[in-house]
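# model the following, please.
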Amino acid sequence: MKKFLTLLTLALTTLISISQAQSKSASVQGIVLDQKQQPLEAVTVSLLHAKDSSVAKILSTDKTGKFNFETIGTGHYLIMVSAVGHQKSFSAPLQINGEASALTIPSIKMIADSKELGAVTVTARKPFIEQKIDKMVINVDAAVTNAGSTALEVLEKAPGVSVDKDGNISLKGKQGVMVMMDGRPTYLSAEQLASLLKSMPASSIEQIEIMTNPSAKYDAAGNSGIVNIKTKKEKKKGFNGSVTANYSQGKYWRTNNSFNTNYRNGKFNLFANGGYSKWNSFQVLDIKRKYKDPNSKEVTDIFEQSTFMRNNNDNYNLKIGADFFVTKKTTLGIVLNGNISPEDWTANGISYLMDSQRGLDSIINADNHIKDLWKNGTANLNFRHQFDSTGKELTADLDYVTYRSNNKQNFLNSTYDPDWNLKYNESMKGGLPVNVDIYSAKVDYAQPLSKDMKLETGLKTSFVTTDNIASYSNLVDENWETDFNKSNRFQYKENIMAGYININRQIKKWGIQTGLRYEHTNYEGKQFDNPTKQDSSFSRKYGSLFPTVFISYAANAKNQFSLSFGRRIDRPAYQNLNPFLFFIDKFTYEAGNPYLQPQFTRNVELTHTFNSFLTTTVNYSNTKNLFSETFDQDGYATIVRQGNIGKRQNAGISISAQVPVQKWWTAILYSNYNYSKFEGTLYGESINVEAGNLMININNQFKFNKGWSAELSGWYRTKGIEGQIMINPMGAASAGVSKQVIKSKGTVKLNVRDMFYTQVAQGDIKFQSTEAWFRNSRDSRVVNLSFVYRFGKPIQGPSKRKTGGASDELNRVKMGGNN
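Residues are numbered from 1 along each chain as shown. The predicted model follows:
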């Protein structure tokens with residue numbers, strides 16, 4: 001920690017000294033129009049130094065065609081705008097002399113290129129990463145190696161993001177991320193979220209937004225922040241869209257295909273997208289355990305296990321919706337989304353039980369087979385009314401979400417003596433159906449109080465019901481007998497009510513936003529009795545306040561600062577409150593914990609942006625009631641459950657830069673150092689561990705002539721800790737190439753991910769009188785070939801489609817699954 005504080009002091013001293021370089025600056029704003037006076041979105045706008053045409057700043061126009069360069073230093077400039085399918089255009093020369101704080105230039109008109117095909121829709125190429133004052137934006141299509149990949153694989157290589165073997169997503173070394181789709185929570189547990197993201201093609205994603213300290217407008221869930229996945233939405237009049245076909249080959253083949261269509265006119269907008277994916281994959285999980293005497297700490301027994309798991313998963317998804325433009329100021333919308341995913345999972349493993357001298361006692365061969373059919377559907381009704389052009393707006397959303405899973409399991413364990421003579425067989429089967437229903441309603445209101453002050457407020461409520469059944473039977477004398485020790489039924493109900501208020505104020509170079517959110521949670525759980533277990537139930541009510549503060553300061557043309565503070569919560573996944581045991585294999589069980597408490601985190605971040613290309617962030621967080629995976633030993637069996645283990649402190653510094661090495665070569669660099677300290681008590685033993693972790697991402701983007709582009713990227717993460725787990729270093733390298741074809745209607749992409757097969761998770765776990773080591777490898781080295789075909793008319797539409805707005809409840813649905 002002392003080393004980190006020293007680095008932090010040096011960084012702050014450097015940043016403060018840099019900020020004193022310039023004082024006079026101004027903002028430059030304008031709008032880009034086409035030949036029909038319609039605004040153009042996603043146009044690349046470059047601010048050039050007039051004397052040599054060198055680039056000072058680059059950004060893209062928003063959905064209304066507008067752009068705004070902030071804190072421009074004194075001097076003579078020129079603005080150039082460029083977009084695929086249009087000729088370059090320039091503004092008149094302009095001068096910044098420090099006398100005016102804001103300058104609005106005349107509109108810049110773009111002329112369609114004579115080579116542009118009338119029926120082809122093309123968009124400007126955005127940078128791979130856009131670093132904004134409150135979030136990082138990743139433009140998925142800008143990376144060639146994203147072609148043919150899934151949403152989960154895109155997240156895995158996003159700067160600062162890591163995904164473990166169970167699908168848990170971490171941000172800057174901290175778990176507890178809330179994942180949203182188009183601003184709406186997914187409501188899934190880690191396993192089910194991983195399954196959903198694996199079935200979602202990257203071609204359907206426009207952007208990924210990473211917010212480490214969201215405002216009070218967002219649900220307070222997500223200790224380390226929010227990852228918002230924004231799907232592609234056409235905003236142009238007429239009929240347009242795209243289709244994507246992909247073939248991938250690792251150890252096994254897979255495919256990921258999708259379509260995206262849209263029809264818009266002045267009265268309504270209709271859209272539909274869907275896809276089919278086939279996921280053939282494998283995992284090899286190796287585990288070694290040493291059991292020790294609690295007193296002498298000497299090794300008494302040794303357990304070694306190796307399991308090969310094969311996953312065959314199909315996914316069918318469809319999303320349809322409509323927006324009705326009732327008036328120019330009022331829009332009504334509906335969105336329906338369905339997902340069906342049959343899964344066939346097999347595992348073949350062999351385990352060796354030995355004494356302390358590695359003398360073989362017995363051998364267990366396991367053949368497990370799981371079939372699942374999980375389905376989910378969502379329905380959203382949304383309303384939006386703009387009272388005037390000042391930003392006064394009222395929005396409302398109603399959401400219904402349902403999940404169904406029909407998990408069926410068969411286990412066969414054969415035990416042999418050291419000479420492979422069969423001693424006995426154990427057969428067990430299980431059925432684990434899960435039903436989840438979620439209802440949510442929210443309303444938001446925005447009101448400008450003056451030209452530099454804005455008020456935002458809103459209310460929200462959500463209701464959740466879950467019904468989980470575990471029914472296990474053992475084969476005894478050729479008859480199936482119910483195993484009441486493993487069978488149970490668990491029901492859970494929850495209601496969260498929330499309200500918030502935000503006030504934004506701009507005072508010259510200062511921007512200030514303060515917010516306060518209140519959430520009240522009321523839940524109850526009930527476990528039904530059986531011949532060996534009694535009825536049990538629990539309930540709890542609690543309310544919490546979540547303040548947020550954001551302060552930004554534009555010191556001069558090259559230096560901008562921001563400081564943010566927020567308090568957040570992570571509630572336990574619903575299934576993690578179920579006190580019963582869940583069978584994974586003969587030596588591994590999962591169990592819930594009805595006494596599990598929510599964890600609360602305070603986050604502080606200071607960010608500095610230099611010359612619009614270099615961003616440095618220092619952060620600190622303190623989590624209380626930290627819950628994490630805990631490991632308990634019962635004979636040879638390991639029981640995994642969530643537990644509140646104490647508190648965690650995190651401190652970190654991250655640096656990101658986009659370096660234009662050459663006109664055709666841009667290097668995007670990101671590094672994050674995170675220092676974690678865990679303190680607490682677990683099973684009567686004190687925990688006091690601390691360690692640092694470094695993550696590095698490098699992405700090289702190459703753009704050549706005649707529609708060719710390429711990418712070479714990689715990431716590396718050093719050793720780190722998470723509760724009782726010490727995770728070893730890991731990384732991956734990828735490369736790809738793309739080519740525009742069919743007169744720019746299509747794009748062909750070829751890439752390979754994890755070229756050197758280094759994305760292998762392994763580490764150590766120490767708990768009570770047991771030490772364990774694990775290694776988990778999967779089908780990560782994959783070659784992808786994809787083709788995208790675009791169609792439609794390039795006529796700009798008037799407004800953006802509304803999406804729904806539920807809470808964090810689905811992030812906590814724990815439906816099992818094997819991914």
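# quick one: the helices in the protein?
For the chain, the helices defined by DSSP state H cover 2-18, 151-156, 190-198.
# tell me how far the second one lies from the chain's centre.
In this case it means helix 151-156. When C-alpha coordinates are averaged (Cα atoms, centre = their mean, to the nearest Å), helix 151-156 and its chain have centres 8 Å apart.
# export only the CA atoms of that helix, formatted as PDB.
The C-alpha trace of helix 151-156 is given here as PDB (Å, rounded to 0.1, in the frame of the first residue of the first chain):
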ATOM      1  CA  ALA A 151     -20.300 -11.000 -26.800                       C
ATOM      2  CA  LEU A 152     -18.500 -12.800 -24.000                       C
ATOM      3  CA  GLU A 153     -15.300 -13.000 -26.000                       C
ATOM      4  CA  VAL A 154     -15.500  -9.300 -26.800                       C
ATOM      5  CA  LEU A 155     -15.900  -8.500 -23.100                       C
ATOM      6  CA  GLU A 156     -12.900 -10.800 -22.200                       C
END
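# let me know the average pLDDT across it.
Regarding helix 151-156, the rounded mean pLDDT is 78.
# quick one: contacts for the nearest residue to Y789 once chain neighbours are set aside?
Spatially, and ignoring its direct neighbours in sequence, Y789 is nearest to G746 (4.7 Å; Cβ to Cβ, 6 or more residues apart in numbering). The C-beta positions use only the backbone N, C-alpha and C, and glycine is treated the same way. Shown in contact with G746 (Cβ atoms under 8 Å, 6 or more residues apart in numbering): 740, 787-790.
# any of those buried? List them.
Buried members of those, scored by 16 or more other Cβ atoms under 10 Å, are 740, 787-788, 790.
# let me know the closest of those residues to P185.
Lowest distance from P185 to those (Cβ to Cβ) belongs to V788, with 29.1 Å.
# identify the residues contacting that closest one.
If a contact means Cβ under 8 Å, 6+ apart, then V788 has 147, 203, 242-244, 746-747, 749 as its contacts.
# repeat that with 10 Å
Shown in contact with V788 (Cβ atoms under 10 Å, 6 or more residues apart in numbering): 141, 147, 203, 242-246, 258, 738, 741, 745-749.
# partner residues bridging it?
Beta-bridge partners of V788, counted by DSSP bridges, are T244, T747.
# related to what we said a few turns ago, which of the contacts of V788 are buried?
For the contacts of V788, buried by 16+ other Cβ under 10 Å: 141, 147, 203, 242-246, 258, 738, 745-749.
# report the lowest-confidence entry in the residues you listed.
The weakest per-residue confidence within those falls on A147 (66).
# so who does N406 touch?
Contacts of N406 were listed using Cβ under 10 Å, 6+ apart, and they are 342, 371-375, 431-435.
# D397 against A441, yeah?
Yes. Counting by Cβ atoms under 10 Å, A441 is a contact partner of D397 at 7.1 Å.
# bridged to G499, which residues?
L459, Y518.
# sorry, back to before: looking at D397 and A441, which one has more neighbours?
Each of D397 and A441 has its neighbours counted (other Cβ atoms under 10 Å); D397 has more, 24 against 17.
# and the protein, what are its domains?
For the chain, automatic domain parsing gives the domain ranges 24-109, 262-776.
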